[in-house]
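*Asks:* structure for the following, please:
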Amino acid sequence: MLDTHCRKYIQPIIGYGAEFFIKCKLSANQVTVLALILGVSSGVFSYMNMPFIALGVLWISGYLDAVDGTIARRQGSTDFGTVMDITFDRIVEISIIIGLSLRHPELTAYFLFLACSIIITMTIFLTTGLMTSKKSEKSFYYQAGLAERTEGFLMFSLMIIFGTYLKIIVLVFTGMILFTAAQRFLEAKQLLSK
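*Replies:* From the prediction side, this is the model:
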């Protein structure tokens, strides 16, 4: 939900980044790989109990994740680029979940439920995108929901910084994702039952 509102304010900053990488002769896919490397390092830094470094590289990774899409739209996106983008986003999320779970083994079950909720909502999201003929500005039909990429970054940031409240944050985040899964499931029923 925040994605749509935030984009119009940060779009100029994303545009400058896209111009920079285009001038450096980097493709959208190369920027996607760079975002992956930085994002995965966030999980490593989380495990090493270096929360502010983890937070910094996570947000740089997120910025590059937005920049790569702008580059793709300007230079022409590829279907494989879409696959890379969605897959690498999940790998970044998994790395943070694993890093924090290893750092806080007493909360492993909570992190497992969080991971399962992500799997459920992404299954609905991707299957609906595949099954519907509607298109959006993205490469496929994009279902909105309560917990999208920006909300996910905010919740992962809270998880990284506020270890004292980690259990509560993970539970709230899991609830947000499951609510999003329900939203997307009901939307899929409306779209695909016609």
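*Asks:* now the longest helix along the chain: buried residues?
*Replies:* As assigned by DSSP state H, the longest helix anywhere in the chain is helix 166-192. Neighbour counts using 16 or more other Cβ atoms under 10 Å place 166, 169-170, 173-174, 176-178, 180-181, 183-185, 187-188 of helix 166-192 among the buried residues. Quick note: C-beta positions are derived from backbone N, CA and C, even for glycine.
*Asks:* cool, and stretch 149-157?
*Replies:* Result for stretch 149-157 [16+ other Cβ under 10 Å]: buried residues 150, 151, 152, 153, 155, 156, 157.
*Asks:* same check on stretch 23-30?
*Replies:* In stretch 23-30, counting by 16+ other Cβ under 10 Å, buried: 26, 27, 28, 29.
*Asks:* so what's the nearest residue to residue 89 once chain neighbours are set aside up against?
*Replies:* Once flanking residues are discounted, residue 89 sits nearest to residue 65: 6.7 Å by Cβ to Cβ, 6 or more residues apart in numbering. Contact partners of residue 65, counting by Cβ atoms under 8 Å, 6 or more residues apart in numbering, are 32, 35, 39, 85, 88, 89, 149.
*Asks:* host element of the fifth one?
*Replies:* Right, residue 88. helix 79-103 (DSSP states H and E).
*Asks:* give the next helix or strand downstream of that helix.
*Replies:* Scanning forward in sequence from helix 79-103, with DSSP H and E defining helices and strands, the next element found is helix 108-131.
*Asks:* by how many degrees do that following helix and helix 79-103 diverge?
*Replies:* Calculated by axes from the mean of the first three to the mean of the last three Cα atoms, to 10 degrees, helix 108-131 forms an angle of 170 degrees with helix 79-103.
*Asks:* got any ranges where the chain has weak pLDDT?
*Replies:* 1-7, 133-140 (pLDDT under 70).
*Asks:* what residue is smack in the middle of it?
*Replies:* With distances taken as Cα atoms, centre = their mean, the residue of the chain nearest its centroid is residue 149 (4.3 Å).
*Asks:* re earlier: from the buried residues of stretch 149-157, which land in helices?
*Replies:* 150, 151, 152, 153, 155, 156, 157.
*Asks:* using TSV, lay out those together with distance to residue 48.
*Replies:* Formatted as TSV, these follow (distance: Cβ to Cβ, whole Å):
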residue	distance to residue 48
150	26
151	26
152	22
153	20
155	21
156	16
157	17
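*Asks:* which among those residues gets closest to residue 119?
*Replies:* residue 152 (13.9 Å; Cβ to Cβ).
*Asks:* noted, bye for now.
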